[in-house]
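A.B. asks: Predicted model follows, preceded by the sequence.
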Amino acid sequence: MKTAAALAGATLLAILALAGTAGVVLRLASDAAPAPARPAAETPLPRATPTPLAAAGDVCQGVARMPDPGQPRRFSPEYTQIAEAAGIAIVANERVSPRAIEAAKKTVERFFANNDLETNLAADGAYVIVAASGQGVLDLPEFRCLDDREARDFFDHVCGVADSADYPVVTVNEDDLLGRRSGPCGGLNILYHELGHLVMGWALPPADYFDVRQYYADAMAAGKYRGDYAATNANEYFAEGTQAYFLHADLAGRRDRAWLRSYDPQLYDLLARIYGE
């Protein structure tokens, strides 16, 4: 997701409450421009009724169910396509193009090629959901428990999700992975951004985590990122920097790694050290 959000405890009352441990990418479907960020206090909190504990788990239960030693990982039976890259599972239903699965695998492999950040993420059961064309976040089995009018109004403007509090999963739409302008992110492969949220939530050592927050404060004090999605909070700042570092953070392709090195050298140097050159 392209906005960091605060996932509340056991029931995840606010999976995308924009405060600090989860991330969502909010984009306008009409032009794929970042939607204005809303302060956490003004963000509606989708509320869900707890459901019986399922073998695969969901975000309302707040736990990604891990298998017993030696047993295969279990996902919702809706996911008939299951692949793996760098120890991270990639799942999708039967409608998703195999080309999108392959694009997700290449993205994950590139993301972890020069670091070992995937080790903890894989151990904690992190995985990627590739949603089918036209499939919304609340259509996915992990998020279906949040489906009410309040939540649906919120998720209508979400094109990617990263839950990094206690359910390590990210979502991306196949259309965006395949560069289709019809995608909810306008054809931008936002998986890099979402993986950045997981890294910040699960894999960064405390010193790096606090550096991110300091660099975000420095950038805001310097007047950088005005009107940009990266200005939302420190989590989105890191995720947008990650997106630029690996690909580009805008549909025009201008905000890429070279741009980041020039525009925000503090963040660039940190990301180069974390992810590798």
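C.D. replies: That came in fine, so what should we check first? Residues are numbered from 1 along each chain as shown.
A.B. asks: Angles on the backbone of residue 132, please.
C.D. replies: The phi/psi pair for residue 132 (degrees, to the nearest 10) reads phi -70, psi 160.
A.B. asks: which residues does it contact?
C.D. replies: 92-93, 95-96, 173-174 (C-beta atoms under 8 Å, 6 or more residues apart in numbering). From N, CA and C alone the C-beta is placed, and that goes for glycine too.
A.B. asks: all helices for this protein, in order.
C.D. replies: 98-111, 118-123, 149-155, 174-177, 191-198, 206-221, 234-246, 257-263, 265-275 (DSSP state H).
A.B. asks: mind giving me a markdown table with the ones you listed and columns for distance to residue 184 and mean pLDDT?
C.D. replies: Below are those laid out as a markdown table (distance: least, C-beta to C-beta, whole Å; pLDDT from 0 to 100):
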| stretch | distance to residue 184 | mean pLDDT |
| --- | --- | --- |
| helix 98-111 | 13 | 98 |
| helix 118-123 | 24 | 91 |
| helix 149-155 | 10 | 76 |
| helix 174-177 | 7 | 97 |
| helix 191-198 | 13 | 96 |
| helix 206-221 | 26 | 97 |
| helix 234-246 | 15 | 97 |
| helix 257-263 | 24 | 98 |
| helix 265-275 | 25 | 98 |
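A.B. asks: With residue 167 as the reference, name the closest of those.
C.D. replies: Among the helices of the chain, the nearest to residue 167 by C-beta to C-beta is helix 191-198 (10.7 Å).
A.B. asks: Now for residue 150, how many residues are close by?
C.D. replies: Number of residues near residue 150 (other C-beta atoms under 10 Å) recorded here: 13.
A.B. asks: The one 3 residues further on too?
C.D. replies: Residue 153 has 11 neighbours, counted by other C-beta under 10 Å.
A.B. asks: Just to be sure, which of the contacts of residue 132 are found in strands?
C.D. replies: Counting by DSSP state E, those place 92, 173 in strands.
A.B. asks: Got a quick PyMOL command for the buried subset of the contacts of residue 132?
C.D. replies: Of the contacts of residue 132, the buried ones go into a single PyMOL selection, burial set by 16 or more other C-beta atoms under 10 Å:
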select buried, resi 92+93+96+173+174
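A.B. asks: Let me know the closest of the contacts of residue 132 to residue 122.
C.D. replies: Using C-beta to C-beta, the contacts of residue 132 come closest to residue 122 at residue 92, 18.5 Å.
A.B. asks: So that closest one sits against residue 79, correct?
C.D. replies: Yes: at 6.3 Å, residue 92 and residue 79 qualify as touching, with contact defined as C-beta atoms under 8 Å.
A.B. asks: Now the common contact residues for those two.
C.D. replies: By C-beta under 8 Å, 6+ apart, residue 92 and residue 79 have these common neighbours: residue 129.
A.B. asks: you'd agree residue 256 is up against residue 247?
C.D. replies: Yes: under the criterion of C-beta under 8 Å, residue 256 makes contact with residue 247 at 7.1 Å.
A.B. asks: Of the two, which one has the most company?
C.D. replies: Shown here are residue 256 and residue 247; by other C-beta under 10 Å, residue 247 has more neighbours (19 against 16).
A.B. asks: circling back: figure out which of the helices of the chain is closest to residue 85.
C.D. replies: Using C-beta to C-beta, the nearest of the helices of the chain to residue 85 is helix 98-111, at 3.9 Å.
A.B. asks: Output the contacting helices and strands for that closest one.
C.D. replies: In terms of contacts (3 or more C-beta pairs under 8 Å, 6 or more residues apart in numbering; DSSP states H and E), helix 98-111 is packed against strand 81-85, strand 88-92, strand 127-131, helix 174-177, helix 191-198.
A.B. asks: This completes my enquiry, with thanks.
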